[in-house]
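> here is a sequence together with a model predicted from it:
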Amino acid sequence: MGMVNPIDRAKGAFYGLAVGDALGAPVEFLRRGTFEPVTTMRSGGYFRLPPGAWTDDTAMALCLAQSLAKYPDLDEADLIARFRGWVDRAENTSTGKCIGIGQNTLRVLMHLFRTGETQAPSGYQRADGNGAVATYDQVHHERQLVFFGLCDVMQELL
């Protein structure tokens, strides 16, 4: 088995994220063992999504990837603007709706939109899951090549 091209690896990571998210969305929040194994794209679930639709996990990862593709060193203002586009205008969604955003995530984003503050206050006790970060693929290759690959994937997904 040869070396994997970094662009192909980046594409694979994002396709895997979107496909896994879409496969899992109809059974999200269900207790393991209470549903048949997922082997095809399904509709339904808590969010009543059509087959193949992704949730906030993929949408937020796409926002982050778009921002990093434009500003490899992370431009917080750009990332916040992309999250705002997702929340307010359903950008980077597969359904035209902002699906699956948790209350704590929404609270933090609303604080960011209102204040522009990117640091949590000292002593902040709340924590929540973060699917976009949890599914981050550790790509250890030249950053620019990976970003070009992410741009290709985003164009194909959106």
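Happy to help now that I have it. Numbering: from 1, shown residues only.

> in stretch 34-44, what's buried?
Going by neighbour count (16 or more other Cβ atoms under 10 Å), the buried part of stretch 34-44 is R42. Glycine gets a C-beta too; all of them are placed from N, C-alpha and C.

> who's in contact with it?
With contacts defined as Cβ atoms under 8 Å, 6 or more residues apart in numbering, stretch 34-44 is touched by 22-24, 26-27, 49-52.

> now with 7 Å?
Contacts to stretch 34-44, defined as Cβ atoms under 7 Å, 6 or more residues apart in numbering, come from residues 22-23, 26-27, 49-52.

> which element is T105 on?
Here T105, judged by DSSP states H and E, is contained in helix 103-115.

> picking up where we left off before, now render the contacts of stretch 34-44 as TSV, adding distance to K97 and pLDDT.
Compiled in TSV, those are given as follows (distance: Cβ to Cβ, whole Å; pLDDT from 0 to 100):
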residue	distance to K97	pLDDT
A22	15	96
L23	19	96
P26	16	95
V27	19	95
L49	9	96
P50	11	97
P51	16	97
G52	15	96
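
> let's see which of those residues end up in helices.
By the criterion of DSSP state H, membership of the contacts of stretch 34-44 in helices covers 22-23.

> of the contacts of stretch 34-44, buried ones?
Neighbour counting over the contacts of stretch 34-44 (16+ other Cβ under 10 Å) leaves 22-23, 26-27, 49, 52 as the buried ones.

> and the helix holding T105, average pLDDT?
Per-residue pLDDT values across helix 103-115 average out to 86.

> so how far is it from its chain's centroid?
17 Å (Cα atoms, centre = their mean, to the nearest Å).

> enumerate the positions of that helix that are buried.
Neighbour-count burial for helix 103-115 [16+ other Cβ under 10 Å]: 105, 108-109, 112.
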